[in-house]
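Peer 1: my questions concern the predicted model and sequence given below.
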Amino acid sequence: MTEMTAEVLAEVRGQVGFITLNRAKALNALSLGMVRDLLATLLTWQKDDKVLAVAIRGNGKEGAFGAFCAGGDIRFLHKAGSTGNPELEDFFTEEYALNHLIHTLGKPYIAFMDGIVMGGGMGISQGGSARIVTERTKMAMPETIIGLFPDVGGGYFLSRCPGRVGEWLALTGDSFNGADAIAYKLADGFMPADKQAGVWEQLGAEQFANGTAVQKWIESQYVAAGEGGIGNRAHIDKYFALPTAVDIVQALERDGDEWCQKTAAALRKRSPLMLEVVLEQIRRARDMTLAEDLRMERDMVRHCFFLRPGQSETIEGIRALAVDKDHTPKWNPERVEDVKRDVVEAFFKSPWPAHSHPLAALT
């Protein structure tokens, strides 16, 4: 059984459903069509008792693997957000429903997280039961760079990293490798990049008694990740536990350590408003279920794109990075010292009554 579209390839081989993201030129960035194809495919396979597990990979310019998913299609988000295209709302509602489905699939979901895994790529992998990284993995939630926040359940999974690693990754958008991802609890196992293709093929050829057997078999393919860990953990846990983003930035600046100075300089380039919003997001999400977090993030998206007319940090951030490419976003306010608390709090006020929320059905 094979189903092919331009951007998502799906087939069942043996007892496993295989998905290949097939938008290599865009590093498999998710379009609305891809989100819909993935959701439809997974809903079908969830109900199919013959499909014991699901495996997903990206497609690189040199062939399979090599790039997992660079996130959402930010040029689409900029254009849709600038013109009021309602498909922007559909994109986030359906993407978050997809993220939730992956976490609650009820079957092993094996994500081959080779190459770039950022933003929306984290959203379609973090819910997996086998999150596999390689020596080529480059992972991040870099949304503050474009005046957004780590969505796709980012509040949920980042807040569950050790110590204050979640706050650090969310605010800075720093990238990290596969061994680090395992240390941060954002990956489960390591596999050399050149071993992936053989494992992928064997998954479709083996006979398994049930989904548990698939999970055990894939885990038996992991190898030691090598050196990985949380550098500067003491600094991270000390500074990123402070009450506000302005406290974090100023405390880092007062510390003469080179890592602290570099981190403070990076934070000064991010949207000041979104630094405070993101810190609040991670702190709130720590006590939320996944469904609650996704509903909160859906509320936040509406505020980012539509409820601050003429002041969207996100549209301005994407413009500077990916449209005009001048890399000089005009943030409002310009300094984290000038962010007003009531403006931050507004992002967490839902525009919908609970019964009419676009993600009301998630449990």
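Peer 2: Happy to help now that I have it.
Peer 1: contacting residues for R283?
Peer 2: Contacts here follow Cβ atoms under 8 Å, 6 or more residues apart in numbering; on that basis R283 touches S159, E167. Heads up, the C-betas are built off the backbone N, CA and C, glycines and all.
Peer 1: right, and N232 touches W259 too?
Peer 2: Yes. In this structure N232 lies within contact range of W259 using Cβ atoms under 8 Å: 4.9 Å.
Peer 1: quick one: the strands in the protein, in order.
Peer 2: Remark: strands assigned in the chain by DSSP state E are 2-4, 8-13, 16-21, 53-57, 59-60, 63-64, 109-113, 116-118, 130-133, 138-140, 189-190.
Peer 1: is it true that D90 touches L32?
Peer 2: Yes. D90 lies in contact with L32 (Cβ under 8 Å); the separation is 6.3 Å.
Peer 1: and stretch 46-64, average pLDDT?
Peer 2: Average pLDDT, stretch 46-64: 94.
Peer 1: residue ranges with poor pLDDT in this protein?
Peer 2: Along the chain, segments meeting pLDDT under 70 span 1-5, 227-230, 309-310.
Peer 1: please parse it into its domains.
Peer 2: What the record gives for the chain is the domain set 1-137+177-230, 233-363, from automatic domain parsing.
Peer 1: of all these, which lies closest to L171?
Peer 2: With Cβ to Cβ as the measure, domain 233-363 is the member of the domains of the chain nearest L171 (5.7 Å).
Peer 1: check the offset of that closest one from the chain's centre.
Peer 2: 15 Å (Cα atoms, centre = their mean, to the nearest Å).
Peer 1: quote the end-to-end distance of it.
Peer 2: 34 Å (Cα to Cα, to the nearest Å).
Peer 1: number of residues surrounding A53?
Peer 2: Residues lying near A53 (other Cβ atoms under 10 Å) number 27.
Peer 1: what of D338?
Peer 2: 12.
Peer 1: go ahead and confirm L290 touches G155.
Peer 2: No. Look at L290 against G155 with Cβ under 8 Å: they stay out of range, at 9.3 Å.
Peer 1: neighbour count winner among these two?
Peer 2: For the pair L290 and G155, the greater number of neighbours falls to G155 (29 against 21), based on other Cβ under 10 Å.
Peer 1: my guess is that one contacts Q281. True?
Peer 2: Yes. In terms of Cβ under 8 Å, G155 counts as a neighbour of Q281; the distance is 4.8 Å.
Peer 1: once you drop chain neighbours, what's closest to Y96?
Peer 2: Closest residue to Y96 apart from its sequence neighbours, by Cβ to Cβ, 6 or more residues apart in numbering: L294 at 4.6 Å.
Peer 1: how close does the one you found sit to D247?
Peer 2: Distance from L294 to D247, counting by Cβ to Cβ, to the nearest Å: 28 Å.
Peer 1: between those two, which one's more packed in?
Peer 2: With neighbours defined as other Cβ under 10 Å, L294 and D247 compare such that L294 has more, 29 against 14.
Peer 1: what sits against that one?
Peer 2: Y96, N99, H100, G153, Y156, L359, L362.
Peer 1: and E219, by the same measure?
Peer 2: E219 makes contacts with A130, D188, G189, as judged by Cβ under 8 Å, 6+ apart.
Peer 1: out of these, who's nearest Q207?
Peer 2: Among those, and counting by Cβ to Cβ, the member closest to Q207 is A130, at 18.7 Å.
Peer 1: skipping adjacent residues, who's closest to the closest one in space?
Peer 2: I110 is the one closest to A130 (Cβ to Cβ, 6+ apart), at 4.3 Å.
Peer 1: hmm, back to that, who touches both of G155 and Q281?
Peer 2: M296, E297.
Peer 1: just the buried residues of the contacts of E219.
Peer 2: A130, D188, G189 (16 or more other Cβ atoms under 10 Å).
Peer 1: tabulate the residues you listed (CSV), appending distance to S312.
Peer 2: What follows is the buried ones among the contacts of E219, written out as CSV (distance: Cβ to Cβ, whole Å):
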residue, distance to S312
A130, 38
D188, 37
G189, 39
